[in-house]
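Enquirer: predicted model follows, preceded by the sequence.
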Protein chains: 2
Amino acid sequence: MSWELNSDRPIYTQLIEQIELKICSGVYPLGSKLPPVRDLAQEASVNPNTMQRALARLENDGLLYTHRTSGRFVTEDRNMIKQVKNRLVQEHIQGFLEKMLRLGFDHEEILSAISAIMEAKK
Amino acid sequence: MSWELNSDRPIYTQLIEQIELKICSGVYPLGSKLPPVRDLAQEASVNPNTMQRALARLENDGLLYTHRTSGRFVTEDRNMIKQVKNRLVQEHIQGFLEKMLRLGFDHEEILSAISAIMEAKK
DNA sequence: ATTATTGTATTAAACGCTTAATACAATAAT
DNA sequence: ATTATTGTATTAAGCGTTTAATACAATAAT
């Protein structure tokens, strides 16, 4: 459940997405310390360089920060995390709607199709 | 609107998806003839080899067939197209739900979030 | 019969991603 | 002071995707 990586997209982008998700969903809480790069890399069965690449990007985005030798931490800016979460929600919904509309579904049909699958999953 | 290609995934897989979509949505109708590989490639600003690769895969899946020198055609099997369409719908909905659930939304919240965005788009 | 159009195959080069193997730099822990 | 832990940087190799440039094969069009 923890690290799901496909080969159909660059691994480092998938890592970025999954770490973002862990932060937004509280798996890595606000201000908490992350495991060392090497540990994360092993956990995800990935080369340390690749994990480093993802972390550097997230740090560049302001979602993480580094204390040179004591480790990496999740931002303490509650608002920034909220914004990221909103961005993700928007992207997911927009993308989904776009795909369904292209397949010929109208708004009503989309809602009922989702409801049907939700029912089936209960 | 016609060919939207990113650099974050292999182009040939994106071509496959978009051609599938064109078939399912009737842009390339049942049994109709497709433009020549070279034309499609130019249309999508892609190397003919890359377009060929996508088409070969779709042919392998049975969605297209070839008359050696007169061109490529969409299958005449209405049922097969329906199945592909259903598969796509399932994938889109499942993927979307998965992402939203991981972000902490429950079923009810998902539906209302979508409805809100639908309203905003009217 | 000849020509044009179609799909297909081949070879080489360029590019980005990933891994591997190291090494270095800074500082926390002892 | 020494050691261990952390992030970071470097170099080389392998791999898949994409492009480019050609050539071939089969048949429809003329």
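Expert: Here it is on my side, so go on.
Enquirer: please, which helix or strand holds the closest residue to chain B within chain A?
Expert: Relative to chain B, the nearest point of chain A is residue A:96 (4.2 Å; CB to the nearest CB). All C-beta atoms are positioned from the backbone trio N, CA, C, and that covers glycine. Element membership for residue A:96 (DSSP states H and E) is helix A:78-102.
Enquirer: now the angle from that helix to helix B:78-102?
Expert: 170 degrees (axes from the mean of the first three to the mean of the last three CA atoms, to 10 degrees).
Enquirer: just checking the helix or strand that comes right after helix A:78-102 against chain B, any contact.
Expert: Note on helix A:78-102: by DSSP H and E, the next helix or strand toward the C-terminus is helix A:107-121. Yes - Helix A:107-121 reaches chain B (CB under 8 Å from any CB of the partner chain) through A:107, A:110, A:111, A:113, A:114, A:115, A:117, A:118, A:121.
Enquirer: pLDDT on helix A:107-121, on average?
Expert: In this model, helix A:107-121 has a mean pLDDT of 96.
Enquirer: likewise for stretch A:42-55?
Expert: Stretch A:42-55 comes out at a mean pLDDT of 98.
Enquirer: let me know whether that stretch sits next to chain B.
Expert: No - against chain B, stretch A:42-55 shows no contacts by CB under 8 Å from any CB, the least distance being 13.9 Å.
Enquirer: from the chain's centre, how far out does that stretch sit?
Expert: 15 Å (CA atoms, centre = their mean, to the nearest Å).
Enquirer: now swap in stretch A:27-43 and tell me
Expert: With CA atoms, centre = their mean, you get 14 Å for stretch A:27-43.
Enquirer: got the end-to-end distance for that stretch?
Expert: 15 Å (CA to CA, to the nearest Å).
Enquirer: cool, thanks, signing off.
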